[in-house]
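S.K.: predicted model follows, preceded by the sequence.
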2 protein chains.
Amino acid sequence: MSDTDPDTIPPESPQADDYALSRKDVSAILQALDTEDREALVALMDPLHPADIADLLEQVNAFDRTRLIRLYGREFDGEILSELDESIREEVIAALSPAVLADAVRELDSDDVVDLLEDLEEPQQEAILDALDDDDRAVVEQSLSYPEYSAGRLMQREVVMAPEHWTVGDAIDFLRTAENLPEQFYHVTLVDPRMRPVANVTLGKLMASPRAVPLADITEDTFHKIDVLQDEADVAYAFNQYHLISAPVIDADERLVGQITIDDAMAVLDEEHEEDILRLAGVGEESSLSDNVVDTTRQRLPWLGVNLVTAILASLVIAQFEAAIAQVVALAVLMPIVASMGGNAGTQSLTVAVRALATKDLTGANVWRVIRRECLVGLINGVVFAVVMGIVGVIWFGSPALGYVIAAAMVVNLVVAGLAGTGIPIVLEKLGIDPALASGAFVTTVTDVVGFFAFLGLAVIVLL
Amino acid sequence: MSDTDPDTIPPESPQADDYALSRKDVSAILQALDTEDREALVALMDPLHPADIADLLEQVNAFDRTRLIRLYGREFDGEILSELDESIREEVIAALSPAVLADAVRELDSDDVVDLLEDLEEPQQEAILDALDDDDRAVVEQSLSYPEYSAGRLMQREVVMAPEHWTVGDAIDFLRTAENLPEQFYHVTLVDPRMRPVANVTLGKLMASPRAVPLADITEDTFHKIDVLQDEADVAYAFNQYHLISAPVIDADERLVGQITIDDAMAVLDEEHEEDILRLAGVGEESSLSDNVVDTTRQRLPWLGVNLVTAILASLVIAQFEAAIAQVVALAVLMPIVASMGGNAGTQSLTVAVRALATKDLTGANVWRVIRRECLVGLINGVVFAVVMGIVGVIWFGSPALGYVIAAAMVVNLVVAGLAGTGIPIVLEKLGIDPALASGAFVTTVTDVVGFFAFLGLAVIVLL
């Protein structure tokens, strides 16, 4: 490429802030589709990254999606499939002609094919496996034999390795003559005679060192082996905690079976966070924007059902105080405030606790200190809002006694919220239940029940 | 390292599943501290990664923390500071002697020093800047001149670059003789004569190609430039979307000023998610387990204050129906159920919408389809729970009319929840307000007000 070549920086090169598909791109593409102008379509789609094409397919409706795939035809890239949301992957695969699908899949790395296959139904799995060479098929089937969400599913089989006694020169000569090196690699992994990984050498260090230097002298300080059965969430945690770029995966005999690279770990970290956020909100963790109405309803219904039960439980508490409410209707007006404040404070504590458990920051060493802190915070906030609500109660209903009652109930419920918000996730974690999934229902039940009971109970004692 | 060397796999090498500090480690360390046994302490801490030592410091109480830092003394590694939670970083820096602090800081890369300085008060900033060489200090001060949370703050200045007309041989010769190559690098960035980056060549490709090949022939397909003023959250998004390993950072004239690597992008992605989760729960996004009671109270109070206002608003709605409640106390018993179900359904919709906005999946192309879907889901779930609650109402209170009322209110509130849960985050995003931060308060206000109003209003019409 010469200095004067005007193509050196093509005007279409990605600009700093256009990561997302622009609305203009989308309408131009849909127009090409409406006029069935294949040439224009391909010209518009060509500069797009497969991840952006996948986003496009997710954003258009099912009818346009199928038409687009048909018109785009043989240009369809395998990576688009990898990037697609699972909810529409099956639909897209079904829309591809067998020849296009086979071409698309053959372009992919083995770990991407595994990722693709995991979520498909049997017949589609077979169609994709049939498209592969025998060797690739064997590798993919072996990976599928590891449990879902394990390091074995996440890893790639291709590792560039060298015997631990080699020198820099040996390694360079090997790399120059080796065929089939992976597209991307960052380390040479040193192995002992039994194929157990012992250290990593970065390519940068390799290039910068004299040929005579033994590889063992320029290994990286941080070296972390990953068990093939390790949960992928823990793998992502290790990459983030120790700033790993790639890590060897070992089997039960500590032998090297593959490697995981940081880009895959980053994708897992992203998914895990997404799951946690959705679970905390009581949404099925697999949910996505591309889900249809039926799937979405099915995901949301169970949590709403749980919430209905807990809401009825709270109503049963209120029902015990019907006589009091009939006498002092102000109680009915004020009681949701106490419950609502408790629910919010409980959600605050539980979110902090769930995250701290996920990042392994909440441990035996500090659990009691954290619980004490949350209760104290609840107490202080409780007192602040007790004063505010006491005053509101007096001004609104002209009854100092009602002010005392709501103030006292507020303090009780906010302390309980701190205790339940921290304690419940910890207990669930100990029991092996995902605290992100179940804590919310328990904590709001506690704060609703305690909130109504404390307020109405105190009211009966003080006011009647 | 010979094959028979028993140190080849040290027995202390990190095992696959001990990422977190074990409780045993912590108690052994605390015991060494209590007996002031410096030798034992250093022996216990030595095998730990700086990230684990930072975790340890976060988990022990302030008293032990200071004693530990004093006893550990000169062994204190600069990376520990980088890994520490911001809430206790100042405290730890204050506990270090000036000599230990200077040593620790000098070990760090420039981007880590910048990260460290950002959150410190003036006097501590000065102490650290004074510890640096003049060159490093200039680099750090230049980085600090970029806005907070920009690519300029995140990037490292060190980039390995080559003129675009070089061959593989030129690059290899350069790398072999270059001094001061970065500790970790994965690409050689090709630049034009005006220092504008035009492509990346991976080190793996460089090693595997014959010397005569022009670098321009072996560049990576995916190449993404990042503006120095780009928000770091968008940088992390681009790395995740396009599977980047490193990307050049450019100034307004498109000149190369630094680079960002995936490990930094992964850390940002992790922080952004954490912030979103905490914001959705109404917890200050900077909150951490190491915060003290006062800081924690201060972070939580504002959101609880907002919630109090919205709860009072809902109570004002209830107050309009005092006469009805006095006549039919069952209304007071049942009304929280309608509000609670709406709140939960609204939270579900809003969480999905906030995430979809953050991942740029919710766009102009699909916004109406998503809103329609959420309303339809609300309608279906509303009908399901309307039937259930209608039956419960009839059985519990023996009043079919009450059953109709709660059923109808449930349908109304769940449709409104879907509409508000999707619409409010979208409107906030359009107004430039972070939807994760503010949506919750608005949505629950809507579902509370609509829930109480629909239920009590219908009750007045039907029952009285």
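M.R.: The structure has been received and is ready for your questions. Numbers count the residues shown, from 1 in each chain, chains lettered A, B, ... in the order given.
S.K.: A:V201: what's it in contact with?
M.R.: A:162, A:171, A:187-188, A:190, A:215, A:218-220 (C-beta atoms under 8 Å, 6 or more residues apart in numbering or on different chains). For glycine as for every other residue, the C-beta is placed from the backbone atoms N, C-alpha and C.
S.K.: what sits opposite it in the beta ladder?
M.R.: A:V188 (DSSP bridges).
S.K.: gap between it and A:F223?
M.R.: 10 Å (C-beta to C-beta, to the nearest Å).
S.K.: hang on, A:T222 in a helix?
M.R.: No: read with DSSP: H, G, I helix; E, B strand; the rest coil, A:T222 is coil and lies in no helix.
S.K.: and for it, the neighbour number?
M.R.: When neighbours are defined as other C-beta atoms under 10 Å in any protein chain shown, A:T222 has 15 of them.
S.K.: excluding its backbone neighbours, what's nearest it?
M.R.: A:Y242 (5.6 Å; C-beta to C-beta, 6 or more residues apart in numbering or on different chains).
S.K.: any idea how far A:L269 is from the one you found?
M.R.: A:Y242 is 13 Å from A:L269, by C-beta to C-beta.
S.K.: quick one, which of these two is more surrounded?
M.R.: Just comparing A:Y242 and A:L269: by other C-beta under 10 Å the higher neighbour count belongs to A:L269, 23 against 19.
S.K.: which non-adjacent residue is nearest A:G421?
M.R.: A:G421's closest residue in space is A:S349 (C-beta to C-beta, 6+ apart), at 2.7 Å.
S.K.: and the angle for the host helix or strand of that neighbour with helix B:330-358?
M.R.: Per DSSP states H and E, A:S349 falls inside helix A:330-358. Between the axes of helix A:330-358 and helix B:330-358, defined by axes from the mean of the first three to the mean of the last three C-alpha atoms, to 10 degrees, the angle is 30 degrees.
S.K.: whichever helix or strand comes after helix A:330-358 - contacts with which helices or strands?
M.R.: Counting by DSSP H and E, the element after helix A:330-358 in chain order, helix or strand, is helix A:367-397. Helix A:367-397 is packed against helix A:330-358, helix A:400-430, helix B:293-319, with contacts defined by 3 or more C-beta pairs under 8 Å, 6 or more residues apart in numbering or on different chains; DSSP states H and E.
S.K.: quick one: buried residues of helix A:367-397?
M.R.: For helix A:367-397, the neighbour count (16 or more other C-beta atoms under 10 Å in any protein chain shown) marks A:367, A:370-371, A:373-382, A:384-386, A:388-390, A:392-394, A:396-397 as buried.
S.K.: how about stretch A:417-427?
M.R.: Those would be A:417-426, for stretch A:417-427 by 16+ other C-beta under 10 Å.
S.K.: which residues touch A:V105?
M.R.: Contacts for A:V105 (C-beta under 8 Å, 6+ apart) come out as A:78, A:81, A:113, A:116, A:128, A:131-132.
S.K.: let me know the closest of the residues you listed to A:A252.
M.R.: A:V113 (24.9 Å; C-beta to C-beta).
S.K.: show me which of the contacts of A:V201 are buried.
M.R.: Those of those that meet the buried threshold are A:162, A:171, A:187-188, A:190, A:215, A:219-220, by 16+ other C-beta under 10 Å.
S.K.: so which of those residues is the closest to B:R74?
M.R.: Checking the buried ones among the contacts of A:V201 against B:R74 with C-beta to C-beta, the nearest one is A:E220 at 24.2 Å.
S.K.: and the gap between that closest one and A:D234?
M.R.: 21 Å.
S.K.: chain center to stretch A:272-282: distance?
M.R.: Distance of stretch A:272-282 from its chain centroid, counting by C-alpha atoms, centre = their mean, to the nearest Å, is 7 Å.
S.K.: what about that stretch, near chain B?
M.R.: Yes: with C-beta under 8 Å from any C-beta of the partner chain as the criterion, chain B is reached by stretch A:272-282 at A:273-274, A:276-278, A:280-282.
S.K.: drop anything exposed from those.
M.R.: Buried among the residues of stretch A:272-282 next to chain B (16+ other C-beta under 10 Å): A:273-274, A:276-278, A:280-282.
S.K.: just those residues now: which is nearest B:G258?
M.R.: Distance to B:G258, by C-beta to C-beta, is smallest for A:H273 among these, at 27.1 Å.
S.K.: how about the nearest residue to the closest one, chain neighbours excluded?
M.R.: B:H273 (3.7 Å).
S.K.: I figured that neighbour hits A:L278, correct?
M.R.: No: B:H273 is beyond contact range of A:L278, at 11.9 Å (criterion: C-beta atoms under 8 Å).
S.K.: so what's the residue count around the residue in the stretch 101-250 of chain A that chain B sits nearest to?
M.R.: Using C-beta to the nearest C-beta, the single residue of the stretch 101-250 of chain A nearest to chain B is A:D227, 3.3 Å away. Neighbours of A:D227 under the rule other C-beta under 10 Å: 19.
S.K.: now do the one 10 residues further on
M.R.: A:Y237: 21 surrounding residues under other C-beta under 10 Å.
S.K.: for it, helix, strand, or coil?
M.R.: Per three-state DSSP, the local secondary structure of A:Y237 is helix.
S.K.: that older thread, would you list the contacts of A:V201 in a markdown table and tack on pLDDT?
M.R.: Formatted as a markdown table, the contacts of A:V201 follow (pLDDT from 0 to 100):
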| residue | pLDDT |
| --- | --- |
| A:A162 | 95 |
| A:A171 | 94 |
| A:H187 | 91 |
| A:V188 | 94 |
| A:L190 | 96 |
| A:L215 | 96 |
| A:I218 | 94 |
| A:T219 | 94 |
| A:E220 | 90 |
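S.K.: elements contacting the helix or strand hosting the residue nearest to A:H273?
M.R.: Secondary structure assignment for B:H273, by DSSP H and E: helix B:262-280. Secondary-structure packing of helix B:262-280 (3+ C-beta pairs under 8 Å, 6+ apart): helix A:232-242, helix A:262-280, helix A:330-358, helix B:151-154, helix B:232-242, helix B:330-358, helix B:435-463.
S.K.: what angle separates it from helix B:232-242?
M.R.: Using the same axes, to 10 degrees: helix B:262-280 against helix B:232-242 is 120 degrees.
S.K.: helix B:435-463 and helix B:262-280, what's the angle between them?
M.R.: Helix B:262-280 runs at 30 degrees relative to helix B:435-463, counting by the same axes, to 10 degrees.
S.K.: mean confidence score for helix B:262-280?
M.R.: For helix B:262-280, mean pLDDT rounds to 89.
S.K.: what's the neighbour count on A:P210?
M.R.: The burial count for A:P210: 9, using other C-beta under 10 Å.
S.K.: tell me the contacts of the closest residue to it other than its chain neighbours?
M.R.: Counting by C-beta to C-beta, 6+ apart, A:P210 lies nearest to A:V168, which is 6.6 Å off, once chain neighbours are set aside. Contact analysis of A:V168 by C-beta under 8 Å, 6+ apart lists A:206, A:209-215, A:218.
S.K.: could you rerun that using 10 Å?
M.R.: A:188, A:201, A:205-215, A:217-218 (C-beta atoms under 10 Å, 6 or more residues apart in numbering or on different chains).
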